[in-house]
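1. okay, predicted coordinates and the sequence, questions at the end:
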Amino acid sequence: MPLVTLTVRKPKSAAFKAGVLDAVHAALVSSGVPVTDKFQRVIELENEDFRFDPSYPDLKSERTENFVLVEILWSVGRSVKVKKKLLEELMASLSQQGLDPEHVMVCFKETSWENWSFGGGRLIHT
């Protein structure tokens, strides 16, 4: 169960946020995540509450107010090959939407399977 968190600066349109979230979900599904396994949230912050370096570490163009931080919390076990494929598909999709891939940061966070309770307090992976 990936939990996707999208952090952006205000204001972003519903279409912008949906476009990014849909692209992330499509890349996750392509990597083997079930299509119905969709848990997403958006954190939209004021400029002073979302600070970032414009070019770290070696960007080809400086980040703008459209910088997007995507955090994917999922269970351990995905290979680097799977992550690279997901990133390739995600960047291609976002690029088609007009978002510069240089302005998209993705952070994978991994946790063990027994740390998920999908509802009712049940730990189904234990």
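-> Right, received. Where do you want to start?
2. with adjacent residues omitted, what lies nearest to Lys38?
-> Using Cβ to Cβ, 6 or more residues apart in numbering and skipping the chain neighbours, the partner closest in space to Lys38 is His25 (5.7 Å). Every residue, glycine included, has its C-beta placed from N, CA and C.
3. same check, this time on Leu6
-> Among residues not flanking Leu6 along the chain, Val42 sits closest, at 4.8 Å (Cβ to Cβ, 6+ apart).
4. for the helix or strand containing that neighbour, which helices and strands make contact with it?
-> Assessed by DSSP states H and E, Val42 sits inside strand 40-45. Contact analysis of strand 40-45 by 3 or more Cβ pairs under 8 Å, 6 or more residues apart in numbering; DSSP states H and E lists strand 3-9, helix 14-30 as its packing neighbours.
5. one more time with 10 Å
-> Applying 3 or more Cβ pairs under 10 Å, 6 or more residues apart in numbering; DSSP states H and E, one finds that strand 40-45 contacts strand 3-9, helix 14-30, strand 68-75.
6. between these, which gets nearest to Lys84?
-> helix 14-30 (11.2 Å; Cβ to Cβ).
7. extract the C-alpha trace of that closest one and format it as PDB.
-> Taking Å, rounded to 0.1, in the frame of the first residue of the first chain, the C-alpha atoms of helix 14-30 are listed here in PDB:
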ATOM      1  CA  ALA A  14      -7.100  21.100  -8.800                       C
ATOM      2  CA  ALA A  15      -6.100  20.100 -12.400                       C
ATOM      3  CA  PHE A  16      -2.400  20.500 -11.500                       C
ATOM      4  CA  LYS A  17      -2.600  18.400  -8.400                       C
ATOM      5  CA  ALA A  18      -4.800  15.700 -10.000                       C
ATOM      6  CA  GLY A  19      -2.400  15.500 -13.000                       C
ATOM      7  CA  VAL A  20       0.600  14.900 -10.800                       C
ATOM      8  CA  LEU A  21      -1.200  12.400  -8.500                       C
ATOM      9  CA  ASP A  22      -2.700  10.500 -11.500                       C
ATOM     10  CA  ALA A  23       0.800  10.300 -13.100                       C
ATOM     11  CA  VAL A  24       2.300   8.900  -9.800                       C
ATOM     12  CA  HIS A  25      -0.500   6.400  -9.500                       C
ATOM     13  CA  ALA A  26      -0.100   5.200 -13.100                       C
ATOM     14  CA  ALA A  27       3.600   4.700 -12.500                       C
ATOM     15  CA  LEU A  28       2.900   2.800  -9.300                       C
ATOM     16  CA  VAL A  29       0.400   0.600 -11.100                       C
ATOM     17  CA  SER A  30       2.900  -0.100 -13.800                       C
END
